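Asker: Structure here, sequence nowhere to be found:
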């Protein structure tokens, strides 16, 4: 890795984010620190904080890149344009696979907390909303008589359930109590939720 003064500001930001991603992928969010990042890239902590306000800023930008990657993964899963009910299942399965294959980066999205006196930037919230938008789009197509507020609430409720299945599976709590595999639990959740969503419209 190049030494200080060999990169532009944007290049320094990029290699710092790449280093942070590698550290988190290998060791989880708890394994990330400013000193570890600069040790990877050959710069000082002071140089790092010339391109990031603080460690929280670096983590948020890293997590935004993960959200971009997740969104691209979900979009690719829809490339064959399945009908609405199948599309929602495809999105759920793609989300589960992302959580399984990018586990530490996925967990970092939920483990990071901003200081009490700071809000998450709008850019982060917009990327989260874009992901929910994919679910809302297909729920609206599945049940067009539903109001937009009903659809938005349903998307969040359904995805909260899928997220819960992910978390319990990664903690091995589903299997430890004699449960079913993650994908079977997710399928059951989708079957029952979507049936109820349509029939109660």
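Answerer: Cool, got the structure. These figures come from a predicted structure and were not determined experimentally.
Asker: all helices of this structure, in order?
Answerer: 9-27, 34-41, 45-51, 55-77, 84-101, 103-111, 122-142, 148-170, 173-176, 182-199 (DSSP state H).
Asker: Mean pLDDT and mean neighbour count for those - can I get that in CSV?
Answerer: Heads up, the C-betas are built off the backbone N, CA and C, glycines and all. Shown next, in CSV, are those (pLDDT from 0 to 100; neighbours: other C-beta atoms under 10 Å):
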stretch, mean pLDDT, mean neighbour count
helix 9-27, 97, 17
helix 34-41, 97, 17
helix 45-51, 96, 15
helix 55-77, 98, 18
helix 84-101, 96, 19
helix 103-111, 97, 18
helix 122-142, 96, 17
helix 148-170, 93, 17
helix 173-176, 58, 13
helix 182-199, 93, 15
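Asker: what about residue 181, distance to residue 117?
Answerer: Residue 181 sits 43 Å away from residue 117, going by C-beta to C-beta, to the nearest Å.
Asker: Neighbour count: the two, which is higher?
Answerer: Comparing residue 181 with residue 117 by other C-beta atoms under 10 Å, the one with more neighbours is residue 181, at 11 against 5.
Asker: Please parse the protein into its domains.
Answerer: 1-52, 62-199 (automatic domain parsing).
Asker: Could you give the separation of the longest one from the chain centroid?
Answerer: It refers to domain 62-199. Its chain's C-alpha centre and that of domain 62-199 lie 9 Å apart, by C-alpha atoms, centre = their mean, to the nearest Å.
Asker: now the end-to-end length of that domain.
Answerer: 41 Å (C-alpha to C-alpha, to the nearest Å).
Asker: Let the chain start at 169 from now.
Answerer: Shifting the count to begin at 169 puts that one at domain 230-367.
Asker: Determine how far the last residue of stretch 331-351 lies from the first.
Answerer: 12 Å.
Asker: I'd like the distance between the nearest residue to residue 303 once chain neighbours are set aside and residue 278.
Answerer: Spatially, and ignoring its direct neighbours in sequence, residue 303 is nearest to residue 323 (4.2 Å; C-beta to C-beta, 6 or more residues apart in numbering). Residue 323 sits at a distance of 18 Å from residue 278 (criterion: C-beta to C-beta).
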